[in-house]
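S.K.: I need the structure of the sequence given here:
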Amino acid sequence: MEEKSRIISLPKILDKRGNLSFIESLQHVPFEIKRAHWIYDVPGGQTRGGHAYIETQEFIVAMSGSFDVILHENDGNKTVSLNRSYYGLYVPAGTWRELCNFSSNSLALVLSSTYFDEMDYIDNYNIYQRKTFGKDWSESKVIDRIVKSQKYDAHRTSVFDCTLLELDKHTSELGNLSVMENRHSIPFDIRRTYYLYDIPGGESRGAHAHKKLQQFIVSVGGSFDITLDDGLNKRTFTLSRPYYGLLIPPGIWRDLVNFSAGATCLVLASEHYDADDYIRNYDEYVKFKTSIVSVSYTHLTLPTNSRV
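M.R.: Numbering: from 1, shown residues only. Predicted coordinates:
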């Protein structure tokens, strides 16, 4: 039986400091997330997509603004309008799709079940209609820039272990696209994705640390500051571009502040949600950091304030 596209509702956690929605592999989407990309700065009247995949499944969310997704399925074509950040469209493999009618400042988040492989694309509609496509894996291109996984001792991590990473930015007259893949762009597998939006002026988020969780944080819209604290040192990063992100290992206290109007914060996480992994009290955090280690990182001379 052929799998069908469908709308999937996501959790929406309402909070006076701003709302949060999240997506977990094999929980909210029927696949393991291997790749994430986002499409932004799409000029009026332009269309994205115009292809199908042999194997890749996708989940598409309008994180801000709105756009339409035209799907070509065996029983006919249908148009799905996406305009809420707390539901998304599941598109199975073998489905031709076109994204169009982008509103001003719209932002499309796309989660994929596979790594990028140009041999997986069907970008000729005549071939797609014949449904006779095959795949020669011997010709597949493999990305050779592998980011090795990191093992951290959360008691010993420092703010100087936190790193700004520049992502691939594919510019086009059709709009821009940035992409990241498990262990190719970041040193962990994405098991959970969430995003903060509708954040009132003057509010802050974060104010916690994690014992095991690694995170990669991107400002996909607007800007905000992240102040990091390891109990000894502090660093502040300003995130304002959708093709840069901040990698935060476990054991680092973080505060997210100074959100601009319309800011959207995308967070990619290495683990599913676990309440026991959080440290929400700063005094307990300091005890956690000093319970095993008394190493000082104050001899490092990296800048304490970075902007992108």
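
S.K.: A strand includes residue 37, no?
M.R.: Yes: assessed with DSSP: H, G, I helix; E, B strand; the rest coil, residue 37 lies in a strand.

S.K.: so who does it touch?
M.R.: Counting by CB atoms under 8 Å, 6 or more residues apart in numbering, residue 37 touches 109, 110, 112, 177, 178, 179, 180. Where you see a C-beta, it was placed from the backbone N, CA and C, and this is true even at glycine.

S.K.: Which helix or which strand is home to the fifth one?
M.R.: Remark: residue 178 resides in strand 176-181, with elements defined by DSSP states H and E.

S.K.: rewinding a little: dump the contacts of residue 37 into a markdown table; add pLDDT, distance to residue 24 and neighbour count as well.
M.R.: A markdown table is the format used below for the contacts of residue 37 (pLDDT from 0 to 100; distance: CB to CB, whole Å; neighbours: other CB atoms under 10 Å):
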| residue | pLDDT | distance to residue 24 | neighbour count |
| --- | --- | --- | --- |
| 109 | 98 | 14 | 23 |
| 110 | 98 | 16 | 21 |
| 112 | 97 | 15 | 23 |
| 177 | 95 | 24 | 22 |
| 178 | 93 | 22 | 23 |
| 179 | 92 | 20 | 19 |
| 180 | 87 | 17 | 21 |
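
S.K.: helices and strands around the longest helix along the chain, which ones?
M.R.: Ordering each helix of the chain by length in residues (DSSP state H) puts helix 282-290 first. If you count contacts as 3 or more CB pairs under 8 Å, 6 or more residues apart in numbering; DSSP states H and E, helix 282-290 packs onto strand 205-210.

S.K.: how far is the strand it packs on from where the chain is centred?
M.R.: With CA atoms, centre = their mean, to the nearest Å as the basis, strand 205-210 stands 18 Å off its chain's centre.

S.K.: And for stretch 37-50?
M.R.: 17 Å.

S.K.: Stretch 247-257 too?
M.R.: Chain-centre distance of stretch 247-257: 16 Å, with CA atoms, centre = their mean.

S.K.: Let the chain start at 46 from now.
M.R.: Okay, using 46 as the starting number, the last item reads as stretch 292-302.

S.K.: Now do the end-to-end distance for that stretch.
M.R.: 17 Å (CA to CA, to the nearest Å).

S.K.: buried stuff in it?
M.R.: By neighbour count with 16 or more other CB atoms under 10 Å, stretch 292-302 contains the buried residues 292, 293, 294, 295, 296, 297, 298, 299, 300, 301.

S.K.: ok, those residues vs residue 281, which is closest?
M.R.: residue 300 (9.2 Å; CB to CB).

S.K.: Cool, thanks, signing off.
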